[in-house]
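Chemist: Pasting a predicted model and its sequence here:
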Amino acid sequence: MLGCPFKTSFGCYISCLRDAIEKKTASPVQWVGSNCGCGDPVESGREFQVLNCDYFDMPMPGEYRSSSAWKHWARGLARSAILYWRAGRYANLSRNAELVHFHQVLNAFGSKAVFQWLRRPSTATRVVTVHELDADQLECPASNRDYNRADAIIVHCDEMRQQLIKLGVREDKIHIVLHGTEIPAKYFAGERSGVVFYGGHKLMSRKGIETVFRALAILEERRKSDALSLKIHGHYGCATPGEAVHLSRQYGIADSITWLNQLSQADTVDLYQRSLICVLPWAGSFAGYPASLAAACRLPVIGTRKAGLPDHLGDSGIWIDVDNPEQLAERIHVLLGNPQMRREIADRLLKRAQDLLQWDVIADRTLEVYQDAAANRRGTLAVAS
């Protein structure tokens, strides 16, 4: 597996998937990782998800886009050159594998690295999971046809599948595999309280945090003395972003917020088991991680029909429109006042997590994709010969 080795949602995903596949196949899975250039605290501090990873460091210019045409061109050229050599390192370190699975995110694991890697000759079956799209491939839609060099493409939701098809990726190569989660061995038996919000890797970018703050302000006005606590966490580091704090003060709800920021997986599970409601009013990106975890923790979710939430929550999600704090406030108010509804939704979510989302199921589905990809590769080679 090629992918982010740090304590991010992506590093957690690869680690859990690798463990589940190793358990099923009784075979070791090699992990090749590198610094990615995102600049997040866990990356700059080299906070590794696991220690048994074939890791290397290499310079990586970020995705900064200059308004000056020549600077934009020069930076793009430098990124392309560095990613060409990175792709070579990825290929060299995984050269003995029969199957290589590349987890695409951004920068060093972004589209340019993937496409350079796919252009290299290889005897291995090659699978790419597209966790997120980047600006490079959206600026040059024709480049996405390089995905067709892969033997299979994995995405986590139909929204991403449709995007890739529009970008020229062959429909028959794309497989939907949901984001996995671990089912807790035991559940918190005490009284739950408060609302939890997951801010992802970039808290202020399309996660709906202003919608949450405005909804909380509406609820505080409605509830008067019965204050509602909001707990915020994410993979954006241990420091609370100043812009977010300023926004919470602007809406007069700063005293109702507990900033938990970067949490361990165990602490996140504990948080979700102790909370009453999870709110995910995301306008973009991908929210499969908190949605699947909430389902496993029997935590009702209020969210948009975006970011992969419909795929992971099914008919057990409570839906709102994007940028609609009034709807969010109303849905929270209704759920808080109806314990029976919360229990029924929680039970359905747990059943969905057990049937579709736990890592054992995700590993089976991923192995099916591997088998299909290997068979397709053999068929392609036979036709070529």
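Modeler: It's in.
Chemist: elements contacting the helix-or-strand element of the chain with minimal mean pLDDT?
Modeler: Between all helices and strands in the chain, the lowest mean by mean pLDDT, DSSP states H and E belongs to helix 69-93, at a mean of 85. On a contact count with 3 or more Cβ pairs under 8 Å, 6 or more residues apart in numbering; DSSP states H and E, helix 69-93 meets strand 32-34, strand 54-56, helix 111-119. Where you see a C-beta, it was placed from the backbone N, CA and C, and this is true even at glycine.
Chemist: How far away from the center of its chain is the first one?
Modeler: It stands for strand 32-34. Strand 32-34 sits 18 Å away from the centroid of its parent chain (Cα atoms, centre = their mean, to the nearest Å).
Chemist: Just after that strand, pick out the following helix or strand.
Modeler: helix 41-44 (DSSP states H and E).
Chemist: average pLDDT for that next one?
Modeler: What helix 41-44 shows for mean pLDDT is 88.
Chemist: Now do the buried residues in that helix.
Modeler: Going by neighbour count (16 or more other Cβ atoms under 10 Å), the buried part of helix 41-44 is Pro41, Val42, Glu43.
Chemist: got a list of what Ala363 touches?
Modeler: Contacts for Ala363 (Cβ atoms under 8 Å, 6 or more residues apart in numbering) come out as Leu17, Ala20, Ile21, Lys23, Lys24, Gly180.
Chemist: Compare these and tell me which has the most neighbours.
Modeler: The most crowded member of those, judged by other Cβ atoms under 10 Å, is Gly180 (27 neighbours).
Chemist: got the helices and strands packed on helix 69-93 as a markdown table, with distance to Cys278 and mean neighbour count columns?
Modeler: Below are the helices and strands packed on helix 69-93 laid out as a markdown table (distance: least, Cβ to Cβ, whole Å; neighbours: other Cβ atoms under 10 Å):
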| stretch | distance to Cys278 | mean neighbour count |
| --- | --- | --- |
| strand 32-34 | 30 | 23 |
| strand 54-56 | 34 | 15 |
| helix 111-119 | 31 | 23 |
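Chemist: Looking at these, spot the one closest to Gly242.
Modeler: strand 32-34 (30.0 Å; Cβ to Cβ).
Chemist: Throw the helices and strands packed on helix 69-93 into TSV and include distance to Asp360 and mean pLDDT, thanks.
Modeler: TSV is the format used below for the helices and strands packed on helix 69-93 (distance: least, Cβ to Cβ, whole Å; pLDDT from 0 to 100):
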stretch	distance to Asp360	mean pLDDT
strand 32-34	24	96
strand 54-56	26	96
helix 111-119	28	97
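Chemist: right, so of those, which gets closest to Trp73?
Modeler: Nearest to Trp73, of these and by Cβ to Cβ, is helix 111-119 at 14.7 Å.
Chemist: Just the CA trace of the closest one, in PDB.
Modeler: The C-alpha coordinates for helix 111-119 follow below in PDB (Å, rounded to 0.1, in the frame of the first residue of the first chain):
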ATOM      1  CA  SER A 111      -3.100  13.000  -8.800                       C
ATOM      2  CA  LYS A 112       0.200  14.000 -10.400                       C
ATOM      3  CA  ALA A 113       2.000  11.400  -8.300                       C
ATOM      4  CA  VAL A 114      -0.700   8.800  -9.200                       C
ATOM      5  CA  PHE A 115      -0.500   9.500 -12.900                       C
ATOM      6  CA  GLN A 116       3.300   9.500 -13.000                       C
ATOM      7  CA  TRP A 117       3.200   6.200 -11.100                       C
ATOM      8  CA  LEU A 118       0.600   4.600 -13.500                       C
ATOM      9  CA  ARG A 119       2.700   5.600 -16.600                       C
END
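Chemist: can you pull the contacts of Cys4?
Modeler: Phe10, Gly11, Ile14, Gly33, Cys36, His103, Val105, Phe109.
Chemist: thinking again about what came up before, which stretch among the helices and strands packed on helix 69-93 comes nearest Pro339?
Modeler: Of all these, strand 32-34 sits nearest to Pro339, with 44.8 Å by Cβ to Cβ.
Chemist: which residue ranges form the helices in the stretch 101-250 of the chain?
Modeler: Taking DSSP state H, counting those that start in this stretch as the test, the helices found in the stretch 101-250 of the chain are 111-119, 135-139, 158-166, 209-223, 242-250.
Chemist: pretty sure Ala113 is touching Gly88, no?
Modeler: No: proximity of Ala113 to Gly88 does not meet the contact threshold set by Cβ atoms under 8 Å, at 10.4 Å.
Chemist: okay if I get the helices and strands packed on helix 69-93 as CSV plus distance to Ala346?
Modeler: Below are these laid out as CSV (distance: least, Cβ to Cβ, whole Å):
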stretch, distance to Ala346
strand 32-34, 36
strand 54-56, 40
helix 111-119, 38
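Chemist: Which of those sits closest to Arg378?
Modeler: So among the helices and strands packed on helix 69-93, helix 111-119 is nearest, using Cβ to Cβ, at 18.1 Å.
Chemist: Other residues contacting that closest one?
Modeler: The contact list for helix 111-119 (Cβ under 8 Å, 6+ apart) reads 2, 79-80, 83-84, 86-87, 90-91, 102, 104, 126, 128, 133-134, 136-137, 143-144, 146-147, 149-150.
Chemist: Alright, I will stop here.
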